[in-house]
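[1] Generate coordinates for the sequence data below:
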Amino acid sequence: QVQLVESGGGLVQAGGSLTLSCVASGRTLSSFAMGWFRQAPGEREFVASLSTDGGTTYYADSVKGRITISRDNAKNTVYLQMNSLKAEDTAVYYCAASHARVSGSLMGEYAYWGQGTQVTVSS
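    Predicted coordinates:
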């Protein structure tokens, strides 16, 4: 069992930056592919994912070039660096862990989910 706790959300002006963190407990994160999703009013959508070794990443088209996913397995932590934020980035952001070495954009690939952290971008 893996417990995931996100942090780092908050209120930021458009054009600003935030870094979200996701700390895992219960198991070492190094054996899990990790993903970030977000949910505004409506469906939860994929943001980014990262393989166990950090060598493979996937990003939603809407965030490419502005958002970077990374991991520090020694700290059991995954990060989401968000730059040039837009009002449409406003959402609750969730991290998720997959038993696979590489996972993509499907929610069903992920076995464990955090509770989310709110990001609000003011225009």
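[2] Quick check: the residue positioned nearest the centre of the chain vs Ser105, distance?
    For the chain, the residue nearest the mean C-alpha position is Trp36 (2.5 Å; CA atoms, centre = their mean). According to CB to CB, to the nearest Å, Trp36 stands 11 Å off from Ser105. Using the backbone N, CA and C atoms, a C-beta is placed for each residue, glycine as well.
[3] residues shared between the contacts of the two?
    Residues within reach of Trp36 and of Ser105 at once, by CB atoms under 8 Å, 6 or more residues apart in numbering, are Ser49.
[4] wait, Arg101 sits on Thr52?
    Yes: contact status for Arg101 versus Thr52: in contact at 5.0 Å, counting by CB atoms under 8 Å.
[5] Which residues are in contact with each of these two?
    Ala33.
[6] Pull the number of nearby residues for Ser103.
    Using other CB atoms under 10 Å, Ser103 has 24 neighbouring residues.
[7] If you could redo that for Ser51, that was the one I meant.
    Using other CB under 10 Å: Ser51 sits among 18 other residues.
[8] any idea where the strands of this protein begin and end?
    Here the chain has its strands, by DSSP state E, at 3-7, 10-13, 18-25, 33-39, 44-50, 57-59, 67-72, 77-82, 91-98, 112-113, 117-122.
[9] Tell me the buried residues in the fourth one?
    What that stands for is strand 33-39. 33-38 (16 or more other CB atoms under 10 Å).
[10] same thing with stretch 62-73?
    Here stretch 62-73 shows 63, 67-69, 71, 73 as buried, counting by 16+ other CB under 10 Å.
[11] Any chance of those residues in TSV with pLDDT and distance to Ala97 as columns?
    Formatted as TSV, the buried residues of stretch 62-73 follow (pLDDT from 0 to 100; distance: CB to CB, whole Å):
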residue	pLDDT	distance to Ala97
Val63	97	20
Ile67	98	19
Thr68	98	19
Ile69	98	13
Arg71	96	11
Asn73	91	12
